[in-house]
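Colleague: Starting from these lines, generate the structure:
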Amino acid sequence: MTRWEVIVKYLGYVLLFNALFFYISASISFFFHENSLTPLLYSAVVCTILGSFPLIFVEKIDEVNFREGMVISVFGWILTCFVGAVPYFMWGGEFTFTNALFESVSGYTTTGATILKNVEALTKGLLFWRASTHFIGGVGIILFVLLILPSAAGTRSSIYNSELSGLSKLNFRMRTRQIARVIVVVYLSLIIIEIALLWTLGMNFFDATCHAFATVATGGFSTKNLSVAYYDSVWIEVVIMTFMLLGSIHFGLLYGTVTGNKMNVFTSKSVRTYVGLMFLGIIVVAAKLTNDGFYSWWTSLRYASFQVISLGTTTGFATVDTPNWPILTVIIIMYFTIQCGMVGSTSGGLKFDRVLLFYQSLKRQIKLVLHPSGVYITKLENVVISTEMELQTAIFFILYLVTLFVTALLLSSMNVDGMTSISASIATIGNAGPGFGKVSSLGNYSSIPDAGKYVLSINMLLGRLEIINVFALFTVLTYKK
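Modeller: Sure thing, here's the model as predicted:
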């Protein structure tokens, strides 16, 4: 039986966490005497009131079962996205209700797709709130809540298990609260270091903070219309590329690297293969751009490196617009947008580990065809992968590709051109943001019909919740025992 009072109580924590960042954003608007103060302050007060009621009137809960944890996780994301749209809609400008919701979902899911034609028209308070949705969504508001919950270990474990995939836990050998602490510590450390570096390289502190939030969260919201291209600085690009890449690697391995654990970035075969494949993609794209006369070799390498890493980690920053790039480079970048980063990171998409596991499973199946009586196992990072996990990965692949196809089909039925439909579908379910066609790197989603924006908003949420959790939620809500 699902206890809704338990779910409402923990959703209250989610609202209060959002309220904290509303207050910070409102303070920025107050300091700069901006007209976004009222929308942000109103949102903060409403979140505080609604979030406080369950904590006051619902008695203390000692345990949360897995079914309740699943509902808290999925509903927490949905509620947060609606709450985050309020200040946009109240402020107005380009933000109709549809656009406000799209921007909010894009921010929290760290997709980075925007409907804004003029980002720089936003006030600093709204720009900070926009960046904050990336910060909150980067490791997931649920994990932040887990860290501060004064609840029993069983409660934290139930919610944690409903939030993270089983494959991402391979590189964590610790308890739930320790895992949440490690993730948040690594996350905050990367952000602080990047802020310091970007500030040192010439960004003002506000822009450095917003870009660091977006980089480590692999989100992509910039404070500038031209994104990172605005700064035209190789060193700023190098710093952002480095932290995009770090944000897409399993946080447990990053933690192990700093603490001297044997499980770290340098000992991981998955990391070496992931980085090696991305490097190969960069070289091929740069060679094609040079060969076709787009740029010189070093300029091609500069643009190729940033675009492949940006979209391959699902961040979505841009240093150049890509609609006229050769089709070979488009296909390569689209592949990386589908594959994306590693499990246990802030990256979206299929996840490289799943792709690697798929190929390992394929090798095992080929061996079984050749030697039916043989006994073979599938291993990842020297860990034996169960047949159940292999099956879950295969099912996830199918669901992911079917969702991608259906979304593209729906957009095409709304008279959106083919390249834009396919590209927008890939970019949103992978939480990558920009794509090609009308939604290219320096473009936006303003031309997509309102119905299409709702479809893409659902697509972004499905991608962030890894699809199967949503199906599991429906099972939880309809299952009777």
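
Colleague: what's the burial count for the closest residue to Gly418 other than its chain neighbours?
Modeller: In space, and not counting its chain neighbours, Gly418 is closest to Ser412: 6.6 Å by C-beta to C-beta, 6 or more residues apart in numbering. Quick note: C-beta positions are derived from backbone N, CA and C, even for glycine. Ser412 has 16 neighbours, counted by other C-beta atoms under 10 Å.

Colleague: ditto for the one 10 residues further on
Modeller: By the measure other C-beta under 10 Å, the count of residues near Ile422 is 22.

Colleague: What is the one helix or strand it maps to packed up against?
Modeller: Taking DSSP states H and E as the criterion, the element that holds Ile422 is helix 418-429. Helix 418-429 sits against helix 327-339, helix 387-413, helix 450-464, with contacts defined as 3 or more C-beta pairs under 8 Å, 6 or more residues apart in numbering; DSSP states H and E.

Colleague: quick check: mean pLDDT across the last one?
Modeller: Per-residue pLDDT values across helix 450-464 average out to 94.

Colleague: How far away from the center of its chain is it?
Modeller: Its chain's C-alpha centre and that of helix 450-464 lie 14 Å apart, by C-alpha atoms, centre = their mean, to the nearest Å.

Colleague: so what's Thr314 up against?
Modeller: By C-beta atoms under 8 Å, 6 or more residues apart in numbering, the contact list for Thr314 reads 110-111, 218, 248, 337, 340-341, 347-349, 430-433.

Colleague: Likewise for Glu390?
Modeller: Counted by C-beta under 8 Å, 6+ apart, Glu390 has contacts 357, 361, 378.

Colleague: Let's have those in TSV, adding neighbour count, distance to Thr314 and pLDDT.
Modeller: Output for those, formatted as TSV (neighbours: other C-beta atoms under 10 Å; distance: C-beta to C-beta, whole Å; pLDDT from 0 to 100):
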residue	neighbour count	distance to Thr314	pLDDT
Leu357	24	19	87
Ser361	19	24	87
Thr378	21	26	81
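
Colleague: In helices only, show me those residues.
Modeller: Residues of the contacts of Glu390 located in helices (DSSP state H): 357, 361.

Colleague: Can you tell me which of the contacts of Glu390 is closest to Trp129?
Modeller: Taking C-beta to C-beta as the measure, Trp129 sits nearest to Leu357 out of the contacts of Glu390, at 37.9 Å.

Colleague: quick one on the thing from earlier: adding distance to Ser300, write the helices and strands packed on helix 418-429 out as a markdown table.
Modeller: Shown next, in a markdown table, are the helices and strands packed on helix 418-429 (distance: least, C-beta to C-beta, whole Å):
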| stretch | distance to Ser300 |
| --- | --- |
| helix 327-339 | 10 |
| helix 387-413 | 29 |
| helix 450-464 | 30 |
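
Colleague: Of these, which is nearest Asp232?
Modeller: Using C-beta to C-beta, the nearest of the helices and strands packed on helix 418-429 to Asp232 is helix 327-339, at 21.6 Å.

Colleague: So which bits of that closest one are buried?
Modeller: 329-330, 332-334, 336-339 (16 or more other C-beta atoms under 10 Å).

Colleague: now for that helix, which elements pack on it?
Modeller: helix 269-291, helix 297-312, helix 418-429.

Colleague: cutoff 10 Å now
Modeller: The contact analysis (3 or more C-beta pairs under 10 Å, 6 or more residues apart in numbering; DSSP states H and E) places helix 327-339 against helix 269-291, helix 297-312, helix 352-370, helix 387-413, helix 418-429.

Colleague: Report the inter-axis angle for the second one versus helix 418-429.
Modeller: Pointing back at helix 297-312 there. With axes from the mean of the first three to the mean of the last three C-alpha atoms, to 10 degrees defining the directions, helix 297-312 sits at 60 degrees from helix 418-429.

Colleague: Ok, the longest one next?
Modeller: For the pair helix 387-413 and helix 418-429, the angle between their directions (the same axes, to 10 degrees) equals 140 degrees.

Colleague: now swap in the third one and tell me
Modeller: Going by the same axes, to 10 degrees, helix 352-370 is angled at 100 degrees with respect to helix 418-429.

Colleague: Tell me the helices and strands packed up against helix 352-370.
Modeller: By 3+ C-beta pairs under 10 Å, 6+ apart, helix 352-370 packs against helix 269-291, helix 327-339, strand 378-380, strand 383-385, helix 387-413.

Colleague: Deepest in the core, which of those is it.
Modeller: When you average the neighbours per residue for each of the helices and strands packed on helix 352-370 (mean count of other C-beta atoms under 10 Å), helix 327-339 leads with a mean of 20.

Colleague: what's the average pLDDT for it?
Modeller: The average pLDDT for helix 327-339 rounds to 94.

Colleague: How far off centre is that helix?
Modeller: 18 Å.

Colleague: Please apply the same query to stretch 11-26.
Modeller: Stretch 11-26 sits 20 Å away from the centroid of its parent chain (C-alpha atoms, centre = their mean).

Colleague: Show me which positions of it end up buried.
Modeller: Buried residues in stretch 11-26, counted by 16+ other C-beta under 10 Å: 11-19, 21-23, 25-26.

Colleague: do stretch 51-58 as well
Modeller: 51, 54, 58.

Colleague: Pull the contacting residues for the first one.
Modeller: Translated: Gly51. Gly51 makes contacts with 11-19, 83, as judged by C-beta atoms under 10 Å, 6 or more residues apart in numbering.

Colleague: quick one: Glu5 is in a strand?
Modeller: No: with DSSP: H, G, I helix; E, B strand; the rest coil as the criterion, Glu5 is located in helix rather than a strand.

Colleague: Quick check: the gap between it and Phe474.
Modeller: Here the distance between Glu5 and Phe474 works out to 21 Å (C-beta to C-beta, to the nearest Å).

Colleague: One more: Glu381?
Modeller: If you go by C-beta to C-beta, the gap between Glu381 and Phe474 works out to 33 Å.

Colleague: So between the two, which is more surrounded?
Modeller: More neighbours surround Glu381 than the other of Glu381 and Phe474, with 17 against 10 (other C-beta under 10 Å).

Colleague: which ones are touching the more buried one?
Modeller: Counting by C-beta under 10 Å, 6+ apart, Glu381 makes contact with 170-171, 250, 253, 263, 267-271, 353, 356.
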